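Peer 1: Any chance you could fold what I've pasted below:
(chains A and B)
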Amino acid sequence: MTNPNGRFGIHGGQYIPETLMNAVIELEEAYNHYKEDPDFNKELESLFKNYAGRPSLLYFAEKMTNDLGGAQIYLKREDLNHTGAHKINNVLGQALLAKKMGKTRLIAETGAGQHGVATATAAALMGMECVVFMGEEDTVRQALNVYRMRLLGAKVVPVTSGTRTLKDAVSEAMREWTSRISDTHYCLGSVMGPHPFPTIVRDFQAVISKEIKEQLLSEKGRLPDAVIACVGGGSNAIGSFYHFIEEKGVRLIGCEAAGRGVDTFETAATIATGKLGIFHGMKSYFCQDEYGQIAPVYSISAGLDYPGVGPEHAHLHDIHRAEYVPVTDDEAVDAFEYLARMEGIIPAIESAHAVSYAMKLAPTLDKDKIIVVTISGRGDKDCAAIARYRGEDIHE
Amino acid sequence: MSKIRKAFESGKAFIAFITCGDPDLETTAAVVRAAASNGADLIELGIPFSDPTAEGPVIQGANLRALRGGVTTDKIFDLVKEIRTDVFIPLVFMTYANVVFSYGAERFISKCASYGIDGLILPDLPFEEKEEFLGVCRNNGVDLISLIAPTSENRIAMIASEAEGFLYIVSSLGVTGTRSEITTDLKTIVETVKKNTDIPCAIGFGISTPEQAEKMSKIADGVIIGSAIIKILEKYGKEAPRYVGEYVKSIKDAIS
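Peer 2: Purely as a prediction, here's the structure:
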C-alpha cells in the first residue's frame, strides 16, 4: 500500500524539520534491509513467541453472542500479550531494529501509558536507556502506568506544553529527537508521523490480522464478515485490518473516540470532524480550526485522545475500503462494564470503543455472520478512572 | 531578482524574528518599526501555530500568548498591509505548513505577494516535500526559503543548489532558543553551500549576544535572532519596542 515516497494516496509524506531528514532516511534504509533479513525475522519471531506470548488467542465470546442475538463475536485478545496491549508488537520490532542500527537509547511518547510501558519493557530487555514523554494530564489519569515505567527503569518526562496530552507528548518527543539523534531512536507508538513510521509500525502490527486470518480459517474454515478495532493514531486497527484489505468481503470498521459527542467540541473523532492538514510529519485528517490551529481534542480514553489519524487510515477512508464510526465516552464506558460482566474480560477503555460498536452491529446481522473485535489492551489501568466516571472515589 | 537580496547588499545582514500578536498586534507593528529603524535588514514575522514543534520554550510561549490573544492569519495580513505603508525592508513569514495549507496555498501565497511578503520559511517542509508549495510560490514571486541543519551533511549540495531567497543555516541540533555555545562546524557547512549557490546564507538558532552575532557574521552573510527578542517582549510587553530597538542596534553594530 505504501508508494516509494511514503504516501498512501494523498496522505503521509515527511513533513519534518531538515534536522531529522537524515535520521528518517537512515531508518528507512535500515528497515528495508532488516525486514528481508532471515536472522532479524527469526529473532523477532522468537521474541513474539517466547517473550510477548504470541500468538494471542482468538476467543469465541459465546455468552456475548447469545446475549446480543446476532452475529458470532470473536475477540482477538491482544490484552493477553506481555505488558497487556498490542503495543508490544511494534516496540519489540522497533527496539530490535534500533539495536541493529547501533542505537543505545529509546525515546517514546505515550498517551494511556501502554506504549510507554511497552517501550520501557523492551529497553529493559535489550539493555537500552529509555525516556518516555507523557502529557502531564495523562500522568494523572494513568498514574499506575507512570509507576510501571519507572519500575522498568525508564525516565518519565511529564509534558506541560499545549493541552498536556498525547499530541503534546508527540511534539516533545520530536523536539527531543532533533536535539539528540546519533545514539537515539524515536520509538513512535502508532501508525503516524513521518514516513517510514506509518509503514514500519503497520508491518510490526500486521501480525494481528495474520493470526486472525489463520485462527479463523482453522476454526471456522472461513474469513470474518467484519473486523472492528478502535482508532486513535490507528496502530491496532491497521494491524487488525492489514491482511484483510485485499479481501473485499471483509468489512473493516474503525471506532473513533467521540468523547462527549461529535456535535460538541469535546471530541477526538478525527475522520468524523477533522479536515485535511499537515501535522506531526504527515498529511492526513486532523481536528483543527479554520486557520489550521490544531484543536484541543477530548476523550475519556487517553490512548485515543489525539487530534489526527494515521495516513493509511485516511486513505482507506478516502477509497471507502474501511468505515470509521464515532463512539462516545458513555457508550465506551457501558461496553467496558458490559464485557467485564458478560465475559469476565476487562478491556482497555480504548478497546471498549470497539466493543461498543460490535454491540450495535451484531444484533443487526444474521447468526451465521462472524465479527472479530480486537481487544487491543486490558483495562486494569482504567479501573480507577472509570470508577470516578461513575461517581466512586477510588484511590490507586 | 529576489527582493530578499536587498537585505544582504550593505554588509552583513541582521534578521530579526518576531511572533505576530505577542502580546498584541499593535505592539508587533511598533516592534517591527523599531527593529527596522535600528538596523534590522530583514524581518521574519512569525504566524503563531498551536503546536510549534521546531520551537523551544521561549517561542512556544510567544505562540501561545498570541493565539490566546485572538490573533489569526487574516489579522496578520492586515498588519502587514499597515506596516508596509512605511516599512520597506524585506519581510518574510515564518510559520508551519498547516497554517499555509489550511488557508489554501494559492490564497495564502498570492496574498503574501500582494501585501508585500517576500518569502516563506516553513520549518516542517523539508526538501522532499517542497513541491507542496513551490509552484505557487514561484508563480507569485515569493521565495520559499530552505533550511540546512548540522545533520544535513550529504544533503547540503542538493538543498543549496535549488535554494531561493536566502539559506537558513540552523546552527545547532534541537529547537530554537538561546545557547551559551555553538559547536557545529558551520564554516565547513557554509563552504559547501557556497560551492553550490550564490544566494546568501544566514545562521540562526541559539544566537543571543553581540559577541555570538559577530562571530557568526564572520562565517556567513547574516545572522538570525529570535528567542532573545521574544524574551524582551516577554519581559516588557507593550513597552518592548524601545528595548527591542536598542537590542537590534547593539547586534547590528556588532556585525557591521
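Peer 1: hey, let's count contacts and neighbours off CA atoms from now on
Peer 2: Noted.
Peer 1: distance of the one residue in the stretch 1-150 of chain B that gets nearest to chain A from B:Phe17?
Peer 2: Of all residues in the stretch 1-150 of chain B, B:Asp124 sits closest to chain A, with a separation of 4.4 Å (C-alpha to the nearest C-alpha). According to C-alpha to C-alpha, to the nearest Å, B:Asp124 stands 17 Å off from B:Phe17.
Peer 1: Flag the shaky bits of chain B, pLDDT-wise.
Peer 2: Residue ranges of chain B with pLDDT under 70: B:1.
Peer 1: Show me what from it comes close to chain A.
Peer 2: B:49-51, B:53-55, B:72-73, B:97-99, B:101-103, B:123-129, B:147-152, B:173-175 (C-alpha under 8 Å from any C-alpha of the partner chain).
Peer 1: How is A:Cys255 assigned, secondary-structure-wise?
Peer 2: Recorded secondary structure, A:Cys255: strand (DSSP: H, G, I helix; E, B strand; the rest coil).
Peer 1: For it, give me its contacts.
Peer 2: A:228-231, A:324-327, A:353-354, A:357 (C-alpha atoms under 8 Å, 6 or more residues apart in numbering or on different chains).
Peer 1: excluding its backbone neighbours, what's nearest it?
Peer 2: A:Cys230 (4.4 Å; C-alpha to C-alpha, 6 or more residues apart in numbering or on different chains).
Peer 1: what's the answer for A:Gly102, then?
Peer 2: Sequence neighbours aside, A:Asp183 is the residue nearest to A:Gly102 in space, at 7.4 Å (criterion: C-alpha to C-alpha, 6+ apart).
Peer 1: shouldn't that neighbour be in contact with A:Met101?
Peer 2: No. A:Asp183 is beyond contact range of A:Met101, at 9.3 Å (criterion: C-alpha atoms under 8 Å).
Peer 1: Neighbour count for those two, which is higher?
Peer 2: A:Met101 (17 against 13; other C-alpha atoms under 10 Å in any protein chain shown).
Peer 1: For burial, what's the neighbour tally of the residue lying closest to that one once chain neighbours are set aside?
Peer 2: Nearest residue to A:Met101, sequence neighbours excluded (C-alpha to C-alpha, 6+ apart): A:Ala30, at 7.0 Å. By other C-alpha under 10 Å, the residues close to A:Ala30 number 15.
Peer 1: What does the closest residue to A:Ala154 other than its chain neighbours show for phi and psi?
Peer 2: Spatial nearest neighbour of A:Ala154, chain neighbours left out: A:Cys130 (4.9 Å); criterion: C-alpha to C-alpha, 6+ apart. The phi/psi pair for A:Cys130 (degrees, to the nearest 10) reads phi -140, psi 130.
Peer 1: Return the residues in contact with A:Cys130.
Peer 2: With contact taken as C-alpha under 8 Å, 6+ apart, A:Cys130 is in contact with A:105-108, A:119-120, A:123, A:153-155.
Peer 1: Point to the residue nearest the middle of the chain.
Peer 2: Using chain A here. A:Ser235 (3.6 Å; C-alpha atoms, centre = their mean).
Peer 1: Not quite, go with chain B.
Peer 2: Mean-position check on chain B, C-alpha atoms, centre = their mean. Result B:Glu44 at 3.6 Å.
Peer 1: that's a helix at that residue, yeah?
Peer 2: No. Per three-state DSSP, B:Glu44 lies outside any helix segment and is strand.
Peer 1: wait, what's in contact with it?
Peer 2: B:15-18, B:91-94.
Peer 1: Looking at strand pairing, list the partners for it.
Peer 2: B:Glu44 has these beta-bridge partners by DSSP bridges: B:Phe17, B:Val92.
Peer 1: which residues of the chain fall in strands?
Peer 2: No chain was given, so I picked chain A. In chain A, the segments counted as strands under DSSP state E are A:7-8, A:11-15, A:58-60, A:72-77, A:105-110, A:129-135, A:155-159, A:184-186, A:226-231, A:251-259, A:275-279, A:281-286, A:322-328, A:370-375.
Peer 1: if you could check chain B rather than the one you did, that'd help
Peer 2: B:13-19, B:42-46, B:91-94, B:119-121, B:143-145, B:147-148, B:167-170, B:201-204, B:222-225.
Peer 1: So in chain A, where's the weakest helix or strand by average pLDDT?
Peer 2: helix A:136-141 (a mean of 87; mean pLDDT, DSSP states H and E).
Peer 1: Counting by contacts, list what the helix ranked longest in chain B packs against.
Peer 2: In chain B, with assignment by DSSP state H, the single longest helix is helix B:240-255. Counting contacts by 3 or more C-alpha pairs under 8 Å, 6 or more residues apart in numbering or on different chains; DSSP states H and E, helix B:240-255 packs against strand B:13-19, helix B:25-37, helix B:210-219, helix B:227-236.
Peer 1: thinking in terms of the whole chain, how far from its middle is the shortest one?
Peer 2: A distance of 6 Å separates the centroid of the chain from that of strand B:13-19, by C-alpha atoms, centre = their mean, to the nearest Å.
Peer 1: Mind giving me the packing neighbours of it?
Peer 2: So strand B:13-19, by 3+ C-alpha pairs under 8 Å, 6+ apart, packs with helix B:25-37, strand B:42-46, helix B:57-68, strand B:222-225, helix B:227-236, helix B:240-255.
Peer 1: Nearest to B:Ser2 among the ones you listed would be which one?
Peer 2: strand B:42-46 (12.9 Å; C-alpha to C-alpha).
Peer 1: how far is the closest one from where the chain is centred?
Peer 2: The answer for strand B:42-46 is 5 Å, by C-alpha atoms, centre = their mean.
Peer 1: Strand B:13-19 and that strand, what's the angle between them?
Peer 2: 20 degrees (axes from the mean of the first three to the mean of the last three C-alpha atoms, to 10 degrees).
Peer 1: between strand B:42-46 and helix B:57-68, how big is the angle?
Peer 2: 60 degrees.
Peer 1: Tell me which residue of the stretch 101-250 of chain B lies closest to chain A.
Peer 2: Counting by C-alpha to the nearest C-alpha, the stretch 101-250 of chain B gets nearest chain A through B:Gly174, at 3.5 Å.
Peer 1: That residue: neighbouring residues, count only.
Peer 2: By other C-alpha under 10 Å, the residues close to B:Gly174 number 25.
Peer 1: do the same with A:Glu247
Peer 2: Using other C-alpha under 10 Å: A:Glu247 sits among 12 other residues.
Peer 1: swap in B:Tyr236?
Peer 2: 15.
Peer 1: again with A:Glu36
Peer 2: The number of residues near A:Glu36, taken as other C-alpha under 10 Å, comes to 10.
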